[in-house]
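Visitor: based on what follows, work out the 3D shape:
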Amino acid sequence: MQPLESRIQYKFRNSFLLAEALTHPSLAYESQRPHFDNQRLEFLGDAVLQLVVTEALFKLFPDQPEGNLTKLRSRVVSRRALARFAMMIHLGDYVLLGKGEEATGGRRRLSTLADAFEALIGAVYLDSGQEAARDFILRLFESEIEGMVSSPDERNPKGELQEFLQAIHPEAPVYNIINENGPDHRRVFQAEVSWRGILLAAGKGKSKKEAEARAAAEALRAKAWEAEGVKAKIS
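Guide: You can find the predicted model right below:
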């Protein structure tokens, strides 16, 4: 358990809660302990997550109507997004699965990862309270929320690219600003994105974040990693 606690930068006072959060229902069924799995913590974690993200977006976008805020929230708390966050902390490596679920690839299954991530949030909430859970969520979601600030009405290509790539391997894509030119009031930046030694794409923009987002969008279109013979296996 300690490596996971190091990854999430949180030390559980009650290790039983962490064990419960990581126990998939398939293992509970096989062990004949049907009441010891992460489903109840998942239920709690989902509610905590919704509240924290809703509050953060409410404060960040004071002029956005309810409908737009709902769309923004769905970008953060969708099942695919939660699975991506789970992969960022290698959560699948620690989930306790039944033999059948393990044999059919459950450790990388989107639903398994998303459920375990919500259960982990619920466990942190019960272990230390709302503020600790809030800090935990906002720390992990910082990059995603920053992306919304720069492009609230668009999809998040950087997040989508990371999701695709970390379904193959936990290593995250790397962005580098390789050029910038023009006068101060009209700067143009060029960014490259690479992953595991593969140059995926480049993009230009009026800011570093815009250039990185365009590089990510181009990488999603080109799918250079598939030319290297690797494909996502998330289900």
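Visitor: and stretch 76-85, what's buried?
Guide: Residues of stretch 76-85 classed as buried: Val76, Val77, Ala81, Leu82, Ala83, Arg84, Phe85 (neighbour count, 16 or more other Cβ atoms under 10 Å). Where C-beta positions appear, they are placed from N, C-alpha and C, glycine not excepted.
Visitor: helices or strands next to the longest helix belonging to the chain in the packing?
Guide: If you go by DSSP state H, the chain has its longest helix at helix 39-60. Where contact means 3 or more Cβ pairs under 8 Å, 6 or more residues apart in numbering; DSSP states H and E, helix 39-60 is packed against helix 15-21, helix 66-77, helix 110-128, helix 130-140, helix 142-150.
Visitor: between helix 130-140 and the worst-scoring helix or strand of the chain on mean pLDDT, find me the angle.
Guide: Least confident element among the helices and strands of the chain, by mean pLDDT, DSSP states H and E: helix 142-150 (a mean of 73). When axes from the mean of the first three to the mean of the last three Cα atoms, to 10 degrees is applied, the directions of helix 142-150 and helix 130-140 differ by 70 degrees.
Visitor: the most centrally placed residue in the chain sits in which helix or strand?
Guide: Residue closest to the mean C-alpha point of the chain, counted by Cα atoms, centre = their mean, is Phe85 at 2.0 Å. Under the criterion of DSSP states H and E, Phe85 resides in helix 79-88.
Visitor: just the pLDDT at the residue located most distally from the centre of the chain, thanks.
Guide: If you look at how far each residue of the chain sits from its centre, by Cα atoms, centre = their mean, the farthest one is Pro183, at 36.7 Å. You'll see Pro183 listed with a pLDDT of 86.
Visitor: swap in Glu163?
Guide: Predicted confidence (pLDDT) for Glu163: 73.
Visitor: list the contacts of it.
Guide: Going by Cβ atoms under 8 Å, 6 or more residues apart in numbering, Glu163 touches Arg80, Ala81, Ala83, Arg84, Met87.
Visitor: how about Pro173?
Guide: Pro173 touches Lys158, Leu161, Gln162, Leu165, Val193, Ser194, Trp195, Leu200, Ala216, Ala219, counting by Cβ under 8 Å, 6+ apart.
Visitor: are any of the residues you listed buried, and which?
Guide: Lys158, Leu161, Gln162, Leu165, Val193, Ser194, Trp195, Leu200, Ala216, Ala219.
Visitor: just those residues: which are in helices?
Guide: Lys158, Leu161, Gln162, Leu165, Ala216, Ala219.
Visitor: quick check, Ile178 in a helix?
Guide: No. Counting by DSSP: H, G, I helix; E, B strand; the rest coil, Ile178 falls outside a helix, being strand.
Visitor: done for today, thanks.
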